[in-house]
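Colleague: quick check, what structure comes out for this input:
(chains A and B)
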There are 2 protein chains.
Amino acid sequence: MTEQAQALIDKLQVRPGEKARLRDRDPRDKSLFGDQEQTKAETAAIAKDIDALQDRLYAEGSRALLVILQGTDTSGKDGTIRSVFNATGPLGVSVHAFGPPTKLELEHDYLWRVHAACPRRGTIGIFNRSHYEDVLIGKVRKFAPEAAIEQRYEQINAFEKMLVENGTTILKFMLHISKDEQKERLQARLDDPTKNWKFNPGDLDDREHWDDYQEAYETMLNRCSTEWAPWHVVPADRKWVRNAAIAAIVKGTLEAMDPQYPEVSWKPGDFTVA
Amino acid sequence: MTEQAQALIDKLQVRPGEKARLRDRDPRDKSLFGDQEQTKAETAAIAKDIDALQDRLYAEGSRALLVILQGTDTSGKDGTIRSVFNATGPLGVSVHAFGPPTKLELEHDYLWRVHAACPRRGTIGIFNRSHYEDVLIGKVRKFAPEAAIEQRYEQINAFEKMLVENGTTILKFMLHISKDEQKERLQARLDDPTKNWKFNPGDLDDREHWDDYQEAYETMLNRCSTEWAPWHVVPADRKWVRNAAIAAIVKGTLEAMDPQYPEVSWKPGDFTVA
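Modeller: From the prediction side, this is the model:
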């Protein structure tokens, strides 16, 4: 892993057991990067490196990487995926977006649909929202009794531990934006005809619960940043900073996983193609 | 729950933390029941009661019952399902048999296919074999490294706890037969043309590992009989004892769950059917 990736992890990771305070983390922080244009160019290069590493992961075929993206409306989950993973072919990457549960999903425990969507060995799975919605909107909107929500943190930790012990590396990113930045982005969805389709009046309701959500996020970070699957809080008011940070951490993690092309049982010269 | 059901649970359950010794549990035990013919008639009646209780569970629509059947070859898993659940309509009961994992299943953690098959709210799910194969045949045949097998007991306990906390009651039955009884039943599969199809030469290989399997079962019972999902060791050399014991415990458990027909928002007389 590069020094830069390690420095980013050190700065952005919520250490297990640490009290995570969102107000102490600046969503506009850009101190970890230099010039904007140069950083963007570096991110594009890293995205290509991720593709090359993914090819090795696929060839090796024994482990998986799960990238979980959480963040309030307009925090840039889609944009992150586009920036960091567009250079990676769809052969070995799948994105799963978790919307409101269907009737069939509600007929099972809340982790049922999540487990079903977990990435196959050799692939990268990206969760655009995730089971953490069940301790975020689920908590703020009281979709389940408080006692049931309370049990979920440990359930999620045990679930993720099982995944990790069975060969899936988990990277969790909370895209941290300010309330002012969200205002601008929501306004842009109202003003820009090409963004109108992204506007959902429900987002305004959620915005009214801003403080409740921030508190639910903090509880989530405190309870579910574990040794085996830590959370990273990514400053996301600046898209180029957000993309650069996540790209570097994803690449660094894949490098640390160090996937290997499998050995073959034959030597050059053993075969000829007629 | 009837006194008989409670007495059966007290006798057959492996208390959490208890050292389970299979040699101390007699597979031919029939002391819990009286006359064979009368017991069979009672089992048939209980099977109908289970159907009635299942109807309430379905109408209530909020909880599920998961019945896990484990036992060595010829221990009578299929026969149990036939005897205890044939009176229950398929509307609210599903049986899932776990054979050797497919290629797709092997591309995920071993609990992936199990979670996917868990029963919907309002239904009874029956696992004919289960995730416990992964600490039985998986352990005896060394399908995974010892350290990975070792982690599975806690993973399974956490998984089952999550299911229970989210509304699924779990009943686990180990069908306990003697090595002599298995010999007779395997021989019958070789001799009886209507049973030939059930014979699998691999069963003889497994029989050669009898002691290893008994040890793996004991470890499973010791490690995974929990407060939330205890194991029951059922004397299964006599089919009528096996069926009677499981039927009584299933009925007693459903009675204790006490599913209720939901209240409706209207009163008799509010509507007329033209």
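
Colleague: helix, strand, or coil at A:T39?
Modeller: State at A:T39, reduced to three classes by DSSP: H, G, I helix; E, B strand; the rest coil: helix.

Colleague: contacts only, for it.
Modeller: Contacts for A:T39 were tallied using CB atoms under 8 Å, 6 or more residues apart in numbering or on different chains; they are A:F33, A:W240, A:V241, A:A244. All C-beta spots, glycine's among them, are computed from the backbone N, C-alpha and C.

Colleague: element containing the last one, please.
Modeller: Spelled out, it's A:A244. Using DSSP states H and E, A:A244 falls within helix A:239-257.

Colleague: which residues of the stretch 1-150 of chain A lie near chain B?
Modeller: A:104, A:106-112, A:115-116, A:118, A:120-122, A:148 (CB under 8 Å from any CB of the partner chain).

Colleague: pull out the buried residues from stretch A:96-114.
Modeller: Buried residues in stretch A:96-114, defined by neighbour count with 16 or more other CB atoms under 10 Å in any protein chain shown: A:H96, A:F98, A:P101, A:E105, A:E107, A:H108, A:D109, A:Y110, A:L111, A:W112, A:R113, A:V114.

Colleague: averaged pLDDT, that stretch. What do you get?
Modeller: In this model, stretch A:96-114 has a mean pLDDT of 97.

Colleague: so what's the gap between it and the chain middle?
Modeller: Relative to the chain's own centre, stretch A:96-114 is displaced by 19 Å; criterion: CA atoms, centre = their mean, to the nearest Å.

Colleague: tabulate the contacts of A:T39 in TSV, adding columns for distance to A:K179 and pLDDT.
Modeller: Output for the contacts of A:T39, formatted as TSV (distance: CB to CB, whole Å; pLDDT from 0 to 100):
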residue	distance to A:K179	pLDDT
A:F33	23	93
A:W240	21	97
A:V241	18	97
A:A244	23	97
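
Colleague: now the strands for the stretch 151-274 of chain A?
Modeller: Here the stretch 151-274 of chain A has its strands, by DSSP state E, counting those that start in this stretch, at A:168-176, A:231-235.

Colleague: about what we covered before: same list, the contacts of A:T39, but as a markdown table with neighbour count please.
Modeller: Below are the contacts of A:T39 laid out as a markdown table (neighbours: other CB atoms under 10 Å in any protein chain shown):
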| residue | neighbour count |
| --- | --- |
| A:F33 | 20 |
| A:W240 | 15 |
| A:V241 | 22 |
| A:A244 | 25 |
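
Colleague: now the helices for the stretch 151-274 of chain A?
Modeller: For the stretch 151-274 of chain A, the helices defined by DSSP state H, counting those that start in this stretch cover A:179-191, A:201-208, A:210-224, A:239-257.

Colleague: could you say which of the ones you listed is packed most deeply?
Modeller: By mean neighbour count, with neighbours taken as mean count of other CB atoms under 10 Å in any protein chain shown, helix A:239-257 ranks first of these at a mean of 22.

Colleague: not counting its own residues, what contacts that one?
Modeller: A:1-2, A:4-6, A:8-9, A:12, A:29-30, A:32-33, A:36, A:39-40, A:42-43, A:46-47, A:49-50, A:53-54, A:57, A:63, A:65, A:67, A:76, A:79-80, A:83-84, A:169, A:171, A:173, A:175, A:232, A:234-236.

Colleague: helices of the stretch 1-150 of chain A, residue ranges please.
Modeller: Under DSSP H, counting those that start in this stretch, the stretch 1-150 of chain A gives helices at A:3-12, A:36-60, A:77-85, A:103-106, A:112-116, A:137-140, A:146-165.

Colleague: which one, of those helices, ends up nearest to B:L186?
Modeller: Among these, helix A:146-165 comes nearest to B:L186, with 36.0 Å by CB to CB.

Colleague: what comes up buried for the closest one?
Modeller: Here helix A:146-165 shows A:148-149, A:152, A:155-165 as buried, counting by 16+ other CB under 10 Å.

Colleague: how far off helix A:210-224 does it point, in degrees?
Modeller: Interaxial angle, helix A:146-165 versus helix A:210-224 (axes from the mean of the first three to the mean of the last three CA atoms, to 10 degrees): 50 degrees.

Colleague: what's the mean pLDDT across helix A:146-165?
Modeller: Averaged across helix A:146-165, pLDDT comes to 98.

Colleague: what about A:L8, neighbour count?
Modeller: Number of residues near A:L8 (other CB atoms under 10 Å in any protein chain shown) recorded here: 23.

Colleague: so how far is A:K251 from it?
Modeller: To A:K251, A:L8 is 11 Å away according to CB to CB, to the nearest Å.

Colleague: take the buried residues of helix A:146-165 and write them to TSV, including distance to B:L204.
Modeller: Output for these, formatted as TSV (distance: CB to CB, whole Å):
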residue	distance to B:L204
A:A148	49
A:I149	52
A:R152	47
A:Q155	42
A:I156	44
A:N157	44
A:A158	39
A:F159	39
A:E160	41
A:K161	39
A:M162	34
A:L163	37
A:V164	39
A:E165	34
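
Colleague: nothing else from me, thank you.
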